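Chemist: the following comprises the amino acid sequence and a computationally predicted model.
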Amino acid sequence: GTEAVPPNSRSHTCLLSGVFIGGVKVLVRLSFGIDGAKDVAMKLAVRSDDVNVSDAIHEIVASG
């Protein structure tokens, strides 16, 4: 599954699914990458039937 990261991997993608408050189903694709200077980049894609839920998840992740 996507929870297993190979040793010395420079990138990884997690596929997540769940239910947000109010019973809204959510799918997330979260990709990480690391460069030679050990800086990490993250790419987040969120899908749900409610655009406000997708936006809220983006904001939660962005706020750290």
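Modeler: Cool, the structure landed.
Chemist: and Ile57, what does it touch?
Modeler: Ile57 sits next to 20, 26, 28, 44, 46, 48 when contact means CB atoms under 8 Å, 6 or more residues apart in numbering. For glycine as for every other residue, the C-beta is placed from the backbone atoms N, C-alpha and C.
Chemist: filter the residues you listed to the buried ones?
Modeler: 20, 26, 28, 46, 48 (16 or more other CB atoms under 10 Å).
Chemist: keep only those of those that are in helices.
Modeler: Among the buried ones among the contacts of Ile57, DSSP state H puts none in helices.
Chemist: between the contacts of Ile57, which sits nearest Arg10?
Modeler: Leu44 (18.4 Å; CB to CB).
Chemist: look up how far Thr13 lies from the residue nearest the centre of the chain.
Modeler: Centroid-nearest residue in the chain: Leu30, 2.8 Å away (criterion: CA atoms, centre = their mean). As judged by CB to CB, to the nearest Å, Leu30 and Thr13 stand 7 Å apart.
Chemist: just to revisit the earlier point, quick one: contacts for the residue nearest to the centre of the chain?
Modeler: 13-14, 16, 42-45.
Chemist: buried residues of stretch 47-60, list them for me.
Modeler: 48, 53-54, 56-57.
Chemist: this structure: helices as residue ranges?
Modeler: Going by DSSP H, the chain shows helices at 51-62.
Chemist: what bits of it have low per-residue confidence?
Modeler: 1-2 (pLDDT under 70).
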